[in-house]
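Visitor: From the sequence below, what's the structure:
(chains A, B and C)
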Amino acid sequence: MFLWFHKLGSPPHFYRIAGKWIPWLTWIFLALVIAGLYGGLILAPPDYQQGESYRIIFVHVPSAWMSMFIYVAMAICGVVIIVWRMKLAEVVLISSAPIGASFTFLALVTGSLWGKPMWGTYWVWDARLTSELILLFLYLGIIGLHNAIEDKRVAARAVAILALVGVVNIPIIHYSVEWWHSLHQGASLTKFDKPSMPPSMYVPILIMALAFQVYYALALFHKCRVELLQRERNSKWVEEL
Amino acid sequence: MLVVEGPNGCGKTSLLRILTGLRLADGGEILWRGETIDRLAGDYYEQVTYVGHHDGIKHELSCLENLRLARAMGIPSTLDLDDVLERVNLYTYGESEVGSLSAGQKRRLALARLLATDSLLWILDEPFTSLDKASMEMFSVLFEQHLQRDGVIVVTSHHDISLPTRALQRLNLGARV
Amino acid sequence: MSSRLSLGQAFVFLLRRDLLLALRNRAEYAMPLLFFVLVITMFPLALGAIPELLARIAPGIIWVAALLAAMLSLDSIFRSDFDDGSLEQILLSAHPVAILVLAKVSAHWLVTGLPLLIVAPLLAEMLGMSAQAQPTLLLTILIGTPILSLVGAIGVALTVGLRKGGIILSLLVLPLYVPVLIFASSAIDNAAMGFDVSAQIYMLLAFLLLSVSLSPWATAAALRMSAS
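Guide: Okay, the predicted model is just below:
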């Protein structure tokens, strides 16, 4: 098991394996997305409170989950980078950041679109949206810091530290924002109250979440391969490609 | 004493910084008396004094204040600080702000930490920058004395540091990989 | 061969050195304080000097200004040491770097955070903050500003080696400051209305404890990265 992990960490090996997986992942993703959207947009009944406009949660909720999941994944990479200085972990971390940022942005946009038909404004200082906004800043910070440092191995250490500091702070920020929101909005209609969910609603959400996971793997493999080629361009295995 | 030589840009400074632990090597490890310097940490650092490109002194403080700080960071030597300044020809500047000194004087103060602390291993990157000939000879004598006390010096320098008696090892990083 | 100083002695030594340096660079350290006052002054000018409005938002204004002033002052923790090579010497010391970092951050707080205790009440008065909120204001500043220094130090340590480090520093540090901002301004708000503030104060104390125990290590790791 440990040998497998060690072998996976070798760049040429990962490059090959990832390359083989990409076509499969693409098909699986497409299948899941179509199933999820069909289930969510067509099969699921309209919500008795919010009508048709609630359907955006089929994209909003899974995106928000992914934005958190990817950050935690980056933090785990951070530990691997600091303790073992594994090159693959460095590549995975920095490749994940833009994907995570995109999911965060998607969550913000879909959250905002959800808001418009309901109370007429594109933005509310809701606890979750505000947390997602701060999470977006954290992602941008990682991307920015990595860009600013020339030596990419040193940059990897920097973002590893930043990711770990971020992951410790995210629960704190999340809790603080929840607390802040409950203070100022009172007990009024919690805007993004999830409607009580029959299976026809939460199953499509789960399918979409799975679809997004597959998409993450897909996009990650793509980006990692490109990044590996870039970093290892002077090494033998790249020349032999 | 190990003299590291090679053309500009071949990595002499990087090598020295890796030896001090300031920079991480891409592969391999640095061992001091059989143990990695990561594991030894403070025990290794108290035996090392490093003088790099920067002088490592605060311009707003006096010479004596700077040396006291250097001592606080490592193991103090038994020399009185006034004696230390005397030996590097900075005795009269003890209380003067370093900012008012010339480049050569600042360099002498930076190297004075070698006398102010008690360490076995001296890692020096271009120690003779900005120094005049007399100062260079003075410090060469200092290096000789350190080696005679079983000290170790790793140095890189554009100037020719030829010490009379000691066996010198030379490491040339010039070969193009 | 004598032995090295005890950790406590080294800590005090570095703390005193930094205080001495701050004394000799007085102008540089006065700027953030001035900035604090300036920012707060801007609000009545921008919003109109309506007493009820200003009194209502005073806690928020003061704390946002405190955050911004803290950000401005952070550069001074490591910049000078980085530029003249003293940082390398600190990293190469026989003592654990995290403790030495704590000494430097403590000095920074004494010089930049503590003065706010004197200035903030005056400004609160100018904004019409109710008198019963003043003690809470002071308490939040006393507990909150060390957190700003500790957490900010991580950000500076990550960016001190960069050419345009100051720009990205705000992006890195301000999100981390949000919890302090929320609980500090809420505490003062509550105090102004006569409500209990213990929940907020306990949260701030918890943040302070967390920062003191974790941030020196993160800062030390970041400094090693920046110096390499």
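
Visitor: what number of residues lie near the nearest residue to B:I30 once chain neighbours are set aside?
Guide: Closest residue to B:I30 apart from its sequence neighbours, by C-beta to C-beta, 6 or more residues apart in numbering or on different chains: B:I37 at 4.9 Å. The C-beta positions use only the backbone N, C-alpha and C, and glycine is treated the same way. By the measure other C-beta atoms under 10 Å in any protein chain shown, the count of residues near B:I37 is 18.

Visitor: Double-check C:V156 against C:F78; I have them as touching.
Guide: Yes - applying C-beta atoms under 8 Å, one finds C:V156 in contact with C:F78, separated by 5.5 Å.

Visitor: give the contact list for residue 168.
Guide: Picking chain A for this. A:V168 is in contact with C:L214, counting by C-beta atoms under 8 Å, 6 or more residues apart in numbering or on different chains.

Visitor: was after chain C, sorry
Guide: Residues near C:I168 by C-beta under 8 Å, 6+ apart: A:141, A:144-145, A:148, C:159, C:162.

Visitor: Please name every helix or strand in contact with the helix or strand B:Q145 falls within.
Guide: Taking DSSP states H and E as the definition, B:Q145 sits inside helix B:133-148. Other helices and strands packing on helix B:133-148, by 3 or more C-beta pairs under 8 Å, 6 or more residues apart in numbering or on different chains; DSSP states H and E, are helix B:103-116, strand B:152-156.

Visitor: can you give me the offset of the last one from its chain's centre?
Guide: Okay, so that is strand B:152-156. 8 Å (C-alpha atoms, centre = their mean, to the nearest Å).

Visitor: Can you give me the buried ones in that strand?
Guide: B:153-156 (16 or more other C-beta atoms under 10 Å in any protein chain shown).

Visitor: related to what we said a few turns ago, for the helices and strands packed on helix B:133-148, which one ends up most surrounded?
Guide: Stretch with highest mean neighbour count among the helices and strands packed on helix B:133-148: helix B:103-116 (a mean of 22; mean count of other C-beta atoms under 10 Å in any protein chain shown).

Visitor: ok and it relative to strand B:152-156, angle-wise?
Guide: 160 degrees (axes from the mean of the first three to the mean of the last three C-alpha atoms, to 10 degrees).

Visitor: pLDDT score for the closest residue to chain A within chain C?
Guide: Per C-beta to the nearest C-beta, C:P179 is where chain C lies closest to chain A, at 3.9 Å. In the prediction, the pLDDT value recorded for C:P179 is 96.

Visitor: hang on, the earlier thing: for chain C, find the nearest of the helices and strands packed on helix B:133-148.
Guide: Among the helices and strands packed on helix B:133-148, if distance is taken as C-beta to the nearest C-beta, the winner is helix B:103-116, at 8.1 Å.

Visitor: Just list what the closest one packs against, helices and strands only.
Guide: Under the contact criterion of 3+ C-beta pairs under 8 Å, 6+ apart, helix B:103-116 touches strand B:48-51, helix B:63-73, helix B:81-87, helix B:133-148.

Visitor: List the neighbouring strands of the helix or strand that that helix is followed by plus their orientation.
Guide: Sequence order places strand B:121-125 as the next helix or strand after helix B:103-116, per DSSP H and E. Looking at strand B:121-125 with DSSP bridges, its partner strands are strand B:48-51 (parallel), strand B:152-156 (parallel).

Visitor: Among the ones you listed, show the one with the smallest mean pLDDT.
Guide: Among those, strand B:152-156 has the lowest mean pLDDT, at a mean of 88.

Visitor: Not counting that one itself, show me its contacts.
Guide: B:1-5, B:12-13, B:15-16, B:19, B:120-127, B:143, B:146-147, B:161.

Visitor: Buried among the residues you listed? Need that as a selection in PyMOL.
Guide: Buried residues among the contacts of strand B:152-156 (16+ other C-beta under 10 Å), as a PyMOL selection:
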select buried, chain B and resi 1+3+4+12+13+15+16+19+120+121+122+123+124+125+126+127+143+146+147+161
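
Visitor: from memory A:H60 sits against A:T110, does it?
Guide: Yes - A:H60 is in contact with A:T110 according to C-beta under 8 Å; the separation is 3.9 Å.

Visitor: The residue of chain C closest to chain A contacts A:I173, doesn't it?
Guide: Yes - with contact defined as C-beta under 8 Å, C:P179 counts as touching A:I173 (5.8 Å).

Visitor: and chain C, which of its residues are near chain B?
Guide: Selection of chain C residues close to chain B by C-beta under 8 Å from any C-beta of the partner chain yields C:1-5, C:9-10, C:13-14, C:17, C:20-21, C:24-25, C:80, C:83-86, C:88-96, C:224, C:227-228.

Visitor: Tell me who's in contact with A:F69.
Guide: Contacts of A:F69 by C-beta under 8 Å, 6+ apart are A:213, A:216.

Visitor: Kindly report the same for A:M86.
Guide: A:9, A:80.

Visitor: Check the gap between it and A:Y54 for me.
Guide: A:M86 sits 43 Å away from A:Y54, taking C-beta to C-beta, to the nearest Å as the criterion.

Visitor: One more: B:A70?
Guide: Distance, B:A70 to A:Y54, using C-beta to C-beta: 68 Å.

Visitor: neighbour count winner among the two?
Guide: Set side by side, B:A70 and A:Y54 show more neighbours around B:A70, with 26 against 22, by other C-beta under 10 Å.

Visitor: In terms of pLDDT, where does the residue nearest to that one when sequence neighbours are not counted sit?
Guide: Nearest residue to B:A70 in three dimensions, chain neighbours excluded: B:R113, at 4.1 Å (C-beta to C-beta, 6+ apart). Looking at B:R113, its pLDDT reads 92.

Visitor: Not counting its neighbours along the chain, what's nearest the residue in chain A that chain C sits nearest to?
Guide: Taking C-beta to the nearest C-beta, chain C has its nearest neighbour within chain A at A:S176, 3.9 Å off. With sequence-adjacent residues excluded and distances taken as C-beta to C-beta, 6+ apart, A:S176 is closest to C:P179, at 3.9 Å.

Visitor: How about the contacts made by the one you found?
Guide: Counting by C-beta under 8 Å, 6+ apart, C:P179 touches A:169, A:172-173, A:175-176, C:203, C:207.

Visitor: likewise C:M193?
Guide: With contact set as C-beta under 8 Å, 6+ apart, C:M193 has no partners.

Visitor: before we move on, the earlier item: between the helix holding B:Q145 and helix B:103-116, how big is the angle?
Guide: Going by the same axes, to 10 degrees, helix B:133-148 makes 20 degrees with helix B:103-116.

Visitor: Which residues does helix B:133-148 contact?
Guide: B:1, B:87-89, B:104, B:107-108, B:111, B:114-115, B:122, B:127-128, B:131, B:153, B:155, B:159, B:161, B:163-166.

Visitor: tell me the mean pLDDT for that helix?
Guide: 88.
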